[in-house]
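J.: Below: sequence and its predicted model.
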Amino acid sequence: MENKTIKTLFIGAGRMAQAMISQLVKDTRFEITVTNSGNQKRLTDVKEIYEVSVATAWTDVIEDSDVVVLAIPPDAHPAILGEISPLIKGQLVITVAAGIRPSWLEERLPDKTAVAWVMPNTAAEVGQSSTPTAVGNYVTPAQKEVLEALLSNIGTFEIVTEEQVKALTAITGSAPAFVYKIAQALVETGLKSGITVSQANHLVAQMILGSASMLKTGKSPEELIDQVATPGGSTAEGLRVLDENNTKEIIATAIQACRDKANQSDN
Ligand SMILES: NC(=O)C1=CN([C@@H]2O[C@H](COP(=O)(O)OP(=O)(O)OC[C@H]3O[C@@H](n4cnc5c(N)ncnc54)[C@H](OP(=O)(O)O)[C@@H]3O)[C@@H](O)[C@H]2O)C=CC1
Ligand SMILES: O=C(O)[C@@H]1CCC=N1
């Protein structure tokens, strides 16, 4: 990648924007400016916490940007795209929003605008997002390098089709909340043994980290479940209860509920 500053404008200063910004500021190639829809307190906080520039109106800075990241709700896109479109001249426009496909962005931005759809999760805050990404038809090789540099700062990524980003949104974007739900139940149960909240949080977090590391060795979930469940032992009893209560089906149904909601803004 060319050794040139990448002027990056975030429109939206919420949870996902801040998770990304918190890592991106460490890469001196990126010069970040942040705007939002009107919450001035949030903008002041973002400026203080991450030491980035802020602007009250994106119209002031968008023309001078190389990259525009839309970190706003899906239903805010039509109005924002209408406003920024006359000011787009060669910038790479990235959305993080559920249901906002690159092909739909291309239709609403000037001819041959470079666009991408990335679906990060809040683990971007610790550089551990898992980010399926689809690029539009007009992203240049140089812009693809910029996109990959941005994504590498927040974790790992896979370039896939827009249909695949749509299908994976619930799994990599939403399902971290499912994992936290399991963590919550384990912490609450663990506390009954008399340990402190901090001990319970640490023990559960390390258990999940260890389990994730085992999954990353390439062993399948089935194999790992089998490794844990000593024949005739205690884990098998717990697994039996999970199976009798259709846990896998409940998770699949929850994923589908996320997809149904995201599909309401699918374009
Ligand atoms: N949270 C997550 O884990 C993930 C979120 N996403 C996507 O990220 C996007 C933002 O979500 P999240 O950060 O959680 O939401 P937040 O509510 O935390 O932040 C939303 C941001 O968008 C701004 N905004 C809201 N409405 C409008 C509008 N009509 N016009 C312009 N700006 C607006 C808000 O401005 P203000 O500060 O003034 O209120 C705020 O800065 C969504 O599209 C979501 O699908 C994707 C993957 C994961
Ligand atoms: O809850 C949401 O709508 C967003 C999309 C994926 C994760 N959070």
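T.: Looks like it came in fine. Ligands and ions are numbered 1, 2, ... in the order given.

J.: Could you use CA atoms for every contact and neighbour count after this?
T.: Will do.

J.: Quick check: buried residues in stretch 178-198?
T.: 183, 187, 190 (16 or more other Cα atoms under 10 Å).

J.: Go ahead and produce CSV holding the CA coordinates of it.
T.: Extracted in CSV, the C-alpha atoms of stretch 178-198 (Å, rounded to 0.1, in the frame of the first residue of the first chain):
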residue,chain,number,x,y,z
PHE,A,178,-25.5,-15.2,22.2
VAL,A,179,-22.1,-16.2,23.5
TYR,A,180,-22.4,-13.4,26.1
LYS,A,181,-25.8,-14.7,27.1
ILE,A,182,-24.2,-18.1,27.8
ALA,A,183,-21.4,-16.3,29.7
GLN,A,184,-24.0,-14.5,31.8
ALA,A,185,-25.8,-17.7,32.8
LEU,A,186,-22.4,-19.3,33.7
VAL,A,187,-21.3,-16.3,35.8
GLU,A,188,-24.6,-16.2,37.6
THR,A,189,-24.5,-19.9,38.4
GLY,A,190,-20.8,-19.7,39.3
LEU,A,191,-21.5,-16.9,41.8
LYS,A,192,-23.6,-19.4,43.8
SER,A,193,-20.4,-21.2,44.7
GLY,A,194,-19.3,-18.2,46.8
ILE,A,195,-16.6,-16.8,44.4
THR,A,196,-16.5,-13.0,43.7
VAL,A,197,-18.0,-11.4,40.6
SER,A,198,-14.5,-10.7,39.3
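
J.: just to revisit the earlier point, would you reformat the buried residues of stretch 178-198 as JSON lines and include secondary structure, distance to residue 73 and pLDDT?
T.: What follows is those, written out as JSON lines (DSSP: H, G, I helix; E, B strand; the rest coil; distance: Cα to Cα, whole Å; pLDDT from 0 to 100):
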{"residue": "183", "secondary structure": "helix", "distance to residue 73": "27", "pLDDT": "98"}
{"residue": "187", "secondary structure": "helix", "distance to residue 73": "32", "pLDDT": "98"}
{"residue": "190", "secondary structure": "helix", "distance to residue 73": "37", "pLDDT": "97"}
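
J.: which strands and helices sit next to the helix or strand where residue 185 lies?
T.: For residue 185, the host element (DSSP states H and E) is helix 175-191. Packing contacts for helix 175-191, counted by 3 or more Cα pairs under 8 Å, 6 or more residues apart in numbering; DSSP states H and E, involve helix 197-216.
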